[in-house]
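Student: Sequence and predicted structure below; questions after.
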Amino acid sequence: GLPLMGTAGITYGAVDFVNTYKEFEYEMANVKALTGATDENFLKLNKRAKELGATTIFKASEVAKAEGYMALAGWNAEKIYSGLPAVLNLSAAAGEDLARVSDIVTDSMTGFGIEAGKMVRNANGQMVDTSTHFSDVMAMLMSKSNTTVGMAGEAAKYSAGGIGALYKSQSDEDKMRAYEDWALFTGLMANSGIKSSMAGTATRSLFTRLASQQMNASAAMQGMGISTTYTESDIAKEIQQNGVASHQVGQTRRARDIIGDIRKTFQDGIEPEQMLQLAEDLGGKTFTKQQRKKLSSVLANAQKNGGVMSDADKATVTNLLAGQEALAGWLSVLMASEKDWKSLADNIDNADGAADKMSKIKMDTLEGDIKTLGSAWEAFQLELMGGEDGKGAAASGLRSLLQGLTEDVRYFQNAIKDGFDIGDMIASL
């Protein structure tokens, strides 16, 4: 009765302790194997996982798995150590799986050409950590537009690499501005129902075409007097304003500035036909005759309304361009209201601290308390089993026992190979 139940409970508890430690140790071994970290750096990562596991809603084993995804992306021990809090904050803010969010952040940063563990200037001129700022912008994108971190990650999968290649030779700040502009365009598209891979395809098309000579030389762009690359006049302005030029003639201008110029030109009254030609250039597709006729009417209506499409006209565009995401996506960006454009742009430019703030709000709940308790309990189990350096008496003793049993099994296996008959031993008993 009761003694049996007590024994079963103790056994279950012991097994739970062992399984918890076993999973954490294995995940951390994976991190060490992937990073090639020294014993000293590995111990730091081990402690980091336990510390964050003991004080957040994430368990140490979850943090260890996130470290593994960072290592897979080529992050070294120092970058993982500094970047972990930002990724945890973003995952908590989004309410999405930590390992998945870690994978999204690391893969996306690599694609955009943004190196982890560096300091760059944000849009306001303040120095910020790249991993933290990247996560903050992603959090703001999620909170201020109709998308999720998972959807944004899917969009980045289709576009980040191409965008990063365009700005490869430019400064770290230019690469970060390109990411922020991608976030702006992705958010505006999401608000029009174009998300995930569809938004990724559209943004990749735009950035790629903005950097092409064909786009710069297109009749639509020349007719509006807009250049996609820095001119001698642009460089002269930089020198006049900053005392030094931060770009070179022929480098691709900031995407937000180019699209902003196009939007302003449309609002100032260019012909809808020119806008359609430009949308074709940006999207890499050609409108049919029927589409062109209906879209010309939609654009004419928008122009009368200060460049803003009505809900009815938005529905018309969606139906007309079903299956043509690049065209639909760029029309949604070009036709977004000035209020929506400015609001999302301002939020992205002032995103620093967003992931931390959002995660703290979500953790300050009963659900957060329960998860934090679970994390603290796991941290206690790990400390009891492995100690600070993972070599505690409980874990070491258990490993010695298991290794001894393994040697015994191998001994009997070899004895049988050599002619030992276990049946004779049983018969003699």
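Tutor: Noted; the coordinates are in hand.
Student: Would you point out which residue is most central in this structure?
Tutor: In the chain, the centroid-proximal residue (CA atoms, centre = their mean) is residue 105; its distance is 2.9 Å.
Student: okay, and for the chain, where does confidence drop off?
Tutor: The chain contains residues with pLDDT under 70 at 1-14, 16, 213-220, 283, 307, 318, 322-323, 386-429.
Student: So what does the closest residue in space to residue 195 that isn't next to it in sequence look like in phi/psi?
Tutor: Nearest residue to residue 195 in three dimensions, chain neighbours excluded: residue 151, at 5.0 Å (CB to CB, 6 or more residues apart in numbering). (Each C-beta comes from the backbone N, C-alpha and C, glycine too.) Dihedral angles phi and psi of residue 151 (degrees, to the nearest 10) take the values phi -70, psi -40.
Student: again, but for residue 127
Tutor: Dihedral angles for residue 127 - degrees, to the nearest 10 - are phi -80, psi 130.
Student: That one against residue 120, yeah?
Tutor: Yes. Using CB atoms under 8 Å, residue 127 is in contact with residue 120, at 7.2 Å.
Student: So the two - more neighbours on which side?
Tutor: residue 120 (20 against 9; other CB atoms under 10 Å).
Student: Any figure for the gap between that one and residue 349?
Tutor: To residue 349, residue 120 is 14 Å away according to CB to CB, to the nearest Å.
Student: mind listing the strands for the stretch 51-200 of the chain?
Tutor: With DSSP state E, counting those that start in this stretch as the criterion, the stretch 51-200 of the chain has strands at 119-121, 127-129.
Student: So what are the sheet partners of the first one and their directions?
Tutor: Right, strand 119-121. According to DSSP bridges, strand 119-121 has the following sheet partners: strand 127-129 (antiparallel).
Student: quick one: contacts of the strand it pairs with?
Tutor: 82, 86, 117-122, 352 (CB atoms under 8 Å, 6 or more residues apart in numbering).
Student: Can you go through those and name the buried ones?
Tutor: The neighbour-count test (16 or more other CB atoms under 10 Å) marks 82, 86, 120, 122, 352 as buried among these.
Student: Can you name the residues that contact the first one?
Tutor: With contacts defined as CB under 8 Å, 6+ apart, the neighbours of residue 82 are 116-117, 129, 131.
Student: Could you rerun that using 6 Å?
Tutor: residue 117 (CB atoms under 6 Å, 6 or more residues apart in numbering).
Student: Looks like the residue nearest to the centre of the chain contacts residue 85 (just checking).
Tutor: No. Counting by CB atoms under 6 Å, residue 105 stays clear of residue 85, with 12.0 Å between them.
Student: follow-up on the earlier one: need the overlap of contacts for residue 120 and residue 349.
Tutor: Counting by CB under 6 Å, 6+ apart, residue 120 and residue 349 have no contacts in common.
Student: circling back: and the residue nearest to residue 195, how many neighbours?
Tutor: 21.
Student: And stretch 292-302, what's buried?
Tutor: 292, 294-296, 298-299, 301-302.
Student: would you list every one of the helices in the stretch 151-300 of the chain?
Tutor: Here the stretch 151-300 of the chain has its helices, by DSSP state H, counting those that start in this stretch, at 172-190, 196-210, 213-216, 219-224, 232-242, 255-267, 272-283, 289-304.
Student: Can I get those helices in TSV including distance to residue 58?
Tutor: Shown next, in TSV, are those (distance: least, CB to CB, whole Å):
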stretch	distance to residue 58
helix 172-190	25
helix 196-210	25
helix 213-216	44
helix 219-224	48
helix 232-242	43
helix 255-267	34
helix 272-283	41
helix 289-304	46
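Student: To residue 109, which of those helices lies closest?
Tutor: helix 172-190 (8.4 Å; CB to CB).
Student: Surely residue 92 touches residue 361?
Tutor: No. Assessed by CB under 6 Å, residue 92 is found out of contact with residue 361, at 9.5 Å.
Student: Good, we can wrap up now.
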